[in-house]
Structures are given as structure tokens and as C-alpha cells.
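*Asks:* need a 3D model of the sequence below.
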Amino acid sequence: MNSKALEDYLKVIYKLESSAPSGKGVQTSAIAERLSISQASVSNMLKKLADKALIEYAPYYGVQLTLSGRKIALDMVRKHRILEQYLVERLDYSWDEVDAEAEILEHSISDKLANRMWEVLGRPTHDPHGSPIPSETGEITACTLSALCDVQKGQTVVVRRIKNRSPEELRYLASIGLTTGVSLEVAHCPLAKEPFRVVIEGGLEQVIDYQLAQFLMVDGG
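*Replies:* Numbering: from 1, shown residues only. Here you go, the predicted structure:
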């Protein structure tokens with residue numbers, strides 16, 4: 001089995017587990033959509049991962065990582081996020097460029113190199129998008145955040161994380177000054193799934209699509 005493919009699958013399953021319904025594993029369709037491949041191909045790979053005891057897989061229940069599978073997934077997440085932070089801080093990449101580069105490099109660097117980069121950066125706890133960097137032992141600091149779409153009109157919050165957005169969306173957010181650490185006030189909450197209007201750090205009012213607002217994680221609301 002290709003080790004890169006194995007690592008990619010485990011990382012995707014790890015990321016999807018947090019959004020899986022309670023009492024359910026990650027569904028094959030969700031993995032196929034995230035990786036842009038057929039469900040038949042996913043099912044074939046899942047059987048191989050189960051044979052290696054990296055996942056527990058039941059056709060109608062879904063997929064769940066075993067301890068061994070989670071360890072590999074968290075190692076890949078750690079390397080990916082350290083690489084993203086290094087590319088931004090030391091090589092002047094913008095935050096919309098780093099995901100694609102880190103996807104390539106994460107499979108090639110050793111734990112020793114990743115840890116050295118992390119030390120040189122001052123042991124950061126989060127990547128440029130606000131996602132937590134797992135520790136060397138695979139622990140992640142818990143932090144309770146709310147999605148912007150759940151914030152009420154008139155509330156002022158601080159953006160802490162932008163979850164899994166495209167380069168185009170990240171460029172748009174940067175163009176209106178909405179990055180991690182920025183405070184904003186919700187000027188209008190739609191009754192339905194319509195755009196939000198927010199005022200960013202006392203500046204001009206800006207429009208945020210409802211779908212995007214679901215992935216902007218804030219605190220202070």
C-alpha cells in the first residue's frame with residue numbers, strides 16, 4: 001500500500017470524525033467527497049486499512065480510527081500545520097498558499113525535522129488559520145469556539161480559526177481584513193441562510209456568506 005495514500009486517508013478520517021453524527025463513524029461518501037474519488041475506491045482502501053488495524057470499519061456504521069490509526073493521523077496533522085506556520089513566518093508565503101505546499105511536504109519530512117522547525121518557530125500552538133497543532137505526543141489543547149453563524153446581532157467576537165477553506169475564500173477574507181485575532185461585530189443576522197453583515201474592528205461593514213460563516217470560529221460571543 002502506498003504510504004502517502006495511507007496517510008492521506010487517515011488524516012481525512014481524523015478531520016471528518018469531529019463532524020460525524022453522535023454514535024456514528026465517518027461515512028464512505030464523506031471520505032470520497034473530501035478526496036474527490038469514487039466510493040468504490042474508498043471502500044477498497046478502507047478494507048486495507050482495517051486489515052492493518054488502523055481503522056474499525058462497518059458498512060452501515062462507518063469508519064472510526066483505532067489508536068494506531070489516530071497516532072499516524074495526528075502525526076501528519078502536526079507536520080502539516082507546522083509546515084504551514086513555517087512557510088508563513090519564515091518564507092513569506094500568504095495563508096492561502098500554504099495548504100497545497102504542506103500537503104506535498106508533510107509526507108517527506110521526518111519527525112526530527114518537523115520538531116526542529118517547531119522549536120525554531122517558538123513552539124507555536126496554532127497554524128496560520130488558527131487550527132491547533134498537536135503536541136509531540138498527539139495531544140490537542142481543547143478550546144470551545146462558536147461558529148460565526150451562531151452569533152447574535154450586536155455581539156462582538158474575536159476570530160480564532162478558519163476551518164478548511166479554499167484559497168479563493170482565504171484571499172477574500174484577507175482582502176476585507178478578516179484574519180485570526182481580529183475582532184468583529186455582527187451588524188445583521190439573517191432569518192434564513194442569507195449573508196451576514198459584520199463590522200470588522202470598527203471599520204466598514206462587510207458581507208460574509210452564510211456558508212462561509214459556518215466555518216469562521218470565534219470566541220467572546
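
*Asks:* break the protein into its domains for me.
*Replies:* Following automatic domain parsing, one finds the domains of the chain at 3-65, 146-219.

*Asks:* same list (those) but as CSV, adding mean neighbour count and mean pLDDT.
*Replies:* In short, each C-beta sits where N, CA and C put it, glycine included. Putting the domains of the chain into CSV (neighbours: other C-beta atoms under 10 Å; pLDDT from 0 to 100) gives the following:
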stretch, mean neighbour count, mean pLDDT
domain 3-65, 16, 90
domain 146-219, 16, 90
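
*Asks:* so for residue 114, which of those domains sits nearest?
*Replies:* Of all those, domain 3-65 sits nearest to residue 114, with 13.5 Å by C-beta to C-beta.

*Asks:* would you map the helices across this protein?
*Replies:* Taking DSSP state H as the test, the helices found in the chain are 3-17, 28-35, 39-51, 67-91, 98-105, 111-120, 167-175, 210-213.

*Asks:* circling back to that earlier point, got the domains of the chain as TSV, with distance to residue 97 columns?
*Replies:* Shown next, in TSV, are the domains of the chain (distance: least, C-beta to C-beta, whole Å):
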stretch	distance to residue 97
domain 3-65	20
domain 146-219	7
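
*Asks:* quick one: contacts for residue 114?
*Replies:* 78-79, 82-83 (C-beta atoms under 8 Å, 6 or more residues apart in numbering).

*Asks:* go again with 7 Å.
*Replies:* 78-79, 82 (C-beta atoms under 7 Å, 6 or more residues apart in numbering).
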